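Visitor: Take this sequence and fold it.
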Amino acid sequence: MHDGWMNSGRVCALFACMAAMAVLNQSVVGQPVFNVKDYGATGRKNDDARQALQKAIDACGKAGGGRVYVPPGEYSSGQLHLRSGVRLYVEAGATIYATLDSRQYDNAKNAALIYGEDLHDIALEGGGTLDGQSTYEWHLNDITDHYILANQHQMEATGKPLLRSFPSGYPNEKIYPRMVLLLRCVDVRIAGLKFLRSRSWTINPYACKRLVIDGVYIYSNQKDGVWADGIDPDGCQDVHISNSTIETGDDAIVFYSTDNWGPVLPTENVTVTNSRLSSSSSAIKFCDGNSRAVRNVTISNVTITNSNRGLAFMVFDGGIVENVVIANVTIDTRRFDWFWWGDGDPIHFNIKRRSEVDGVQRTNEPAAGIIRNVTIDNVIAHGQGTSALQGHPDSWLEGIHLNHVRLFVSHGSEAPYENTTAAMTLKYARDVEMKDVEVRWEDPHATTWQSGLVVDQVKDLLLEDMRIDAAPGSDYPVVRLNDADGVTVRQSRVGSVHVAGSKSKAVLIVGSYATVTSDPGLPPVTLK
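Guide: Presented below is the predicted three-dimensional model:
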């Protein structure tokens, strides 16, 4: 009786499974498929496939949607315009090459291999490849880049030539297409594909809603792949990036809020998870190009390897970054060549006005932007540069929490210069908590190292359960507080603390291992 019941259950389960498969197959069979070879594509790289691909996309869109199928083969194409309802499926073994012929793109600003504007229900899927065919040239630097001027000055001091990478054809070539450019599209899915060697940003959506990017691989050469960002959402809502690997010569994932494509819109409601990122610049960047807001962002289960900068929060255009949670992340950073942003620093916060960076005075320039309510939790980071958390004299960082962070600092002996004096700095900030944060120094050591944590102009800072080791060979205090109002160090091992600055007051050391000194004339530090 029992065995009969079990057999009956298995039969019912089998029929249920078969019914489900039938429904699935019916939905796939019922969806029209437009094979690009039926529209003249040969699958040979030397043949121009643009017209055939576009005909298949147009036919699919006109039919109300379906799948445009790209079978195995090699296809060369210029700009393709998606249509609503189209699922462009690039099969494993198929590669679409972005032509190097500038005449096959719309214009310099809107150039892209895959382009969509005001569309809904679109997808780029499959196991195939999109290849931008980018190449680069190295020659002496002939431009002034204010954003890396400090790096340039340090290189000049070494006496070494200022060689750097430029895209082939620069500056005469004016068109460097993105791989994917989507403007004001709704319900977008990009999944499974490989995006290689983009000549500009790889995936750039603006004002898109309900955007899913899952299981993609993005690659550009980390030695010279300038401009080849990975994923750059600008003014988008409900963005979900997961299960992806991004190795880029420029930033890997960047959040924007600009007027490049239309009205300035917030980028908001974003999740990034289960991914591995590598970047010659910043792996994850809340971009300096933020005129309105980047907010409500959760990033988890991410591995950052071989990057110049790990987590970057930058506001130069008056916008806001707020309500961000970053958890369960490993970071490995090192210094790359001088022309990349970053200094081998795992964590970077920076608020500036644009004119303070490039010296260009602007009419009606906005006030300094805002970074607030950011939590970084459960992070192990190895790096070479200082993790600098810096607000602005007119707009302090606020509500920054670092919990369970392990920071290991070493000297980059292969880099041409070294400017790290502190493992971490905090400046122009209020309501900051660091709990269970550990700073360790690793081989090889640098002679420039001084202190583990340097704090300047802060209010209401809690340091709890900290372990900060003294820098090898340094006589400087482990923790230095200047103009610090309302600092509590609790249950911590920090070796030595020095308090300076006329604004310093209400400094409390509770149950901690530390030798405390202060400048003359300051209120006494309370020890408990």
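Visitor: hang on, isn't residue 496 packed against residue 518?
Guide: No: Residue 496 is beyond contact range of residue 518, at 11.6 Å (criterion: C-beta atoms under 8 Å). In this view, the C-beta of every residue, glycine as well, is placed from N, C-alpha and C.
Visitor: ok, now how distant is residue 503 from residue 317?
Guide: To residue 317, residue 503 is 30 Å away according to C-beta to C-beta, to the nearest Å.
Visitor: Give me the more crowded residue out of these two.
Guide: residue 317 (23 against 13; other C-beta atoms under 10 Å).
Visitor: wait, what's in contact with the closest residue to that one other than its chain neighbours?
Guide: Nearest non-adjacent residue to residue 317, counting by C-beta to C-beta, 6 or more residues apart in numbering: residue 291, 4.6 Å away. Residue 291 makes contact with 257-259, 264, 317-319, 366, according to C-beta atoms under 8 Å, 6 or more residues apart in numbering.
Visitor: Then residue 499?
Guide: Here residue 499 is in contact with 481-482, 484, 507, 516-519, 522, 525 (C-beta under 8 Å, 6+ apart).
Visitor: what do you get if the cut-off is 7 Å, keeping everything else the same?
Guide: Applying C-beta atoms under 7 Å, 6 or more residues apart in numbering to residue 499 gives the contacts 481, 484, 507, 518-519, 522, 525.
Visitor: ok, the closest residue to it other than its chain neighbours to residue 525 distance?
Guide: In space, and not counting its chain neighbours, residue 499 is closest to residue 518: 4.0 Å by C-beta to C-beta, 6+ apart. From residue 518 across to residue 525, the span is 6 Å (C-beta to C-beta).
Visitor: Likewise for residue 58?
Guide: Taking C-beta to C-beta, one finds residue 58 at 74 Å from residue 525.
Visitor: One more: residue 266?
Guide: 43 Å.
Visitor: show me where the stretch 301-450 of the chain has helices.
Guide: For the stretch 301-450 of the chain, the helices defined by DSSP state H, counting those that start in this stretch cover 354-358.
Visitor: Quick check, central residue of the chain?
Guide: Nearest to the mean C-alpha position of the chain, by C-alpha atoms, centre = their mean, lies residue 284 at 2.2 Å.
Visitor: hey, what's it bridged with?
Guide: In this entry, residue 284 is beta-bridged to residue 253, residue 311, by DSSP bridges.
Visitor: got a pLDDT number for residue 235?
Guide: Predicted confidence (pLDDT) for residue 235: 98.
Visitor: List the contacts of the residue lying closest to it once chain neighbours are set aside.
Guide: Leaving aside its chain neighbours, residue 235 sits nearest to residue 265 (3.1 Å; criterion: C-beta to C-beta, 6+ apart). Shown in contact with residue 265 (C-beta under 7 Å, 6+ apart): 207, 235, 257, 292.
Visitor: Now name the helix or strand holding residue 265.
Guide: Assigned by DSSP states H and E, residue 265 belongs to no helix or strand.
Visitor: In CSV, list the C-alpha atoms belonging to stretch 243-263.
Guide: The C-alpha trace of stretch 243-263 is given here as CSV (Å, rounded to 0.1, in the frame of the first residue of the first chain):
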residue,chain,number,x,y,z
ASN,A,243,26.3,36.9,-11.3
SER,A,244,28.7,38.8,-13.5
THR,A,245,32.4,39.2,-14.1
ILE,A,246,33.8,42.5,-15.2
GLU,A,247,37.5,43.1,-16.0
THR,A,248,38.0,46.6,-17.4
GLY,A,249,40.8,49.0,-18.1
ASP,A,250,38.5,51.7,-16.7
ASP,A,251,35.8,51.7,-14.0
ALA,A,252,33.9,48.5,-13.7
ILE,A,253,30.5,49.7,-12.3
VAL,A,254,29.7,53.4,-12.2
PHE,A,255,26.5,55.2,-11.0
TYR,A,256,25.8,58.5,-12.7
SER,A,257,23.1,61.3,-12.5
THR,A,258,23.9,63.7,-15.3
ASP,A,259,22.3,65.6,-18.2
ASN,A,260,24.3,63.9,-20.9
TRP,A,261,21.2,62.4,-22.5
GLY,A,262,18.4,64.5,-21.1
PRO,A,263,17.1,65.8,-17.8
